[in-house]
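Student: my questions are about this predicted structure, shown below with the sequence.
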Amino acid sequence: MRARLAAWAFVVPLVVYLVVCYAYPLYTNIDLSLREHTVRTFVYGGAPLAGFANYATVFADPAFRTALLNTVAFTVVSLVFQYTIGLALAVFFARAFPLSATLRALFLVPWLLPLIVSASTWAWLLNSESGLVNAVLGIVGAGPVNWLTSPSWSLVSVTIANIWIGVPFNLVLLYSGLRNLPAEVNEASALDGASGWQTFRYVTFPLLRPVSAITLLLGLVYTIKVFDIIWIMTRGGPSGSSSTLATWSYELGFGSPLPRFGPSAAVGNVLILMALAAGLVYIRAQERR
């Protein structure tokens, strides 16, 4: 009996945490998306049931297609560059050299900074009039670029900022994975006459696939819901050119005097389903392995 009570003592706090912080908010969001809420009903309750009308409204809105395409582009480009740069840095730091630990610590700074600080810094760097990037372009003879106010560059700008923030996360996980690989395998490939690139391609990289999979999955779940960086730098503009599902959901619910809580919650549920689909794909791939 004492052992059972001890087991429940460990389990109950976790269950309470999951119910309060995950299950209840998820239920509330689903309920919001199925009702026609106003500000009054949002506060006092009594909103009429709307079924899937909010989802139909969201899918029929032209802004949904733009936000969805921007979300996919923002997520895919961010993941590709974050993983590639993080892997290159992990391979670089895998070989011990003087000051390697200090340099690794410095590379963690973008990840450790609060997002509001990072986003504000990039907004200043990419400012059209007083930004450092345009100042450097002027020195080399290139014209200024409207990084944050041009529909052609706004999504590129927030993507660059997100890549910079996410590289240290990939570096930490991939570096840990490389350090845990058996050294004997690399030594055997070297004895067989494999070059450095062949060893990495046919030995190191395949062994790193489990770590790579979880790194990309966590990066996907994080990137697909990025809000702070985009909202601080461009607020989803101009004209929705950098709007994603996360920023559009916030804008629907809290960005106007007449909030649309139902459609806002519906967009949030679409994001949840996208992240859930990615998790199921990962679990399926692990089962097949």
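Tutor: Alright, I've got the coordinates.
Student: what residue lies at the spatial centre of the chain?
Tutor: By Cα atoms, centre = their mean, the chain has its centre lying nearest to Thr223, at 1.3 Å.
Student: okay, that residue: pLDDT?
Tutor: Predicted confidence (pLDDT) for Thr223: 93.
Student: would you check that it makes contact with Ala73?
Tutor: No - in this structure, Thr223 is not within contact of Ala73 by Cβ atoms under 8 Å, at 11.2 Å. (Glycine included, C-beta is placed from N, CA and C.)
Student: buried stuff in the helix or strand of the chain with the lowest mean pLDDT?
Tutor: Of all helical and strand segments in the chain, the minimum by mean pLDDT, DSSP states H and E falls on helix 183-191, at a mean of 80. Judged by neighbour count (16 or more other Cβ atoms under 10 Å), helix 183-191 contains these buried residues: 186, 189.
Student: so what touches that helix?
Tutor: 198-199, 202-204, 207 (Cβ atoms under 8 Å, 6 or more residues apart in numbering).
Student: what subset of those residues is buried?
Tutor: Counted by 16+ other Cβ under 10 Å, those give 199, 203-204, 207 as buried.
Student: out of those residues, flag the one nearest to Val16.
Tutor: Checking the buried ones among the contacts of helix 183-191 against Val16 with Cβ to Cβ, the nearest one is Leu207 at 39.7 Å.
Student: which residues touch the closest one?
Tutor: Taking Cβ under 8 Å, 6+ apart, we find Leu207 in contact with 181, 185.
Student: re earlier: switch the contacts of helix 183-191 over to a markdown table; also include secondary structure and distance to Leu68.
Tutor: Shown next, in a markdown table, are the contacts of helix 183-191 (DSSP: H, G, I helix; E, B strand; the rest coil; distance: Cβ to Cβ, whole Å):
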| residue | secondary structure | distance to Leu68 |
| --- | --- | --- |
| Gln198 | helix | 41 |
| Thr199 | helix | 41 |
| Tyr202 | helix | 38 |
| Val203 | helix | 39 |
| Thr204 | helix | 36 |
| Leu207 | helix | 36 |
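Student: what's the closest non-adjacent residue to Tyr222?
Tutor: Gly166 (7.4 Å; Cβ to Cβ, 6 or more residues apart in numbering).
Student: SS state for the one you found?
Tutor: Following DSSP: H, G, I helix; E, B strand; the rest coil, we place Gly166 in the helix state.
Student: same thing with Thr149?
Tutor: coil.
Student: so how many other residues sit close to it?
Tutor: The tally of other residues near Thr149 (other Cβ atoms under 10 Å) stands at 17.
Student: in which helix or strand would I find Asn146?
Tutor: Using DSSP states H and E, Asn146 sits in no helix or strand.
Student: residue boundaries of the helices in the stretch 101-250 of the chain?
Tutor: 109-112, 115-125, 132-139, 154-179, 183-191, 196-199, 205-207, 209-223, 228-233, 245-254 (DSSP state H, counting those that start in this stretch).
Student: which other helices and strands contact the third one?
Tutor: This points to helix 132-139. helix 115-125 (3 or more Cβ pairs under 8 Å, 6 or more residues apart in numbering; DSSP states H and E).
Student: helices and strands around the helix it packs on, which ones?
Tutor: helix 132-139, helix 154-179, helix 228-233.
Student: what about 10 Å?
Tutor: Packing partners of helix 115-125 (3 or more Cβ pairs under 10 Å, 6 or more residues apart in numbering; DSSP states H and E): helix 109-112, helix 132-139, helix 154-179, helix 228-233.
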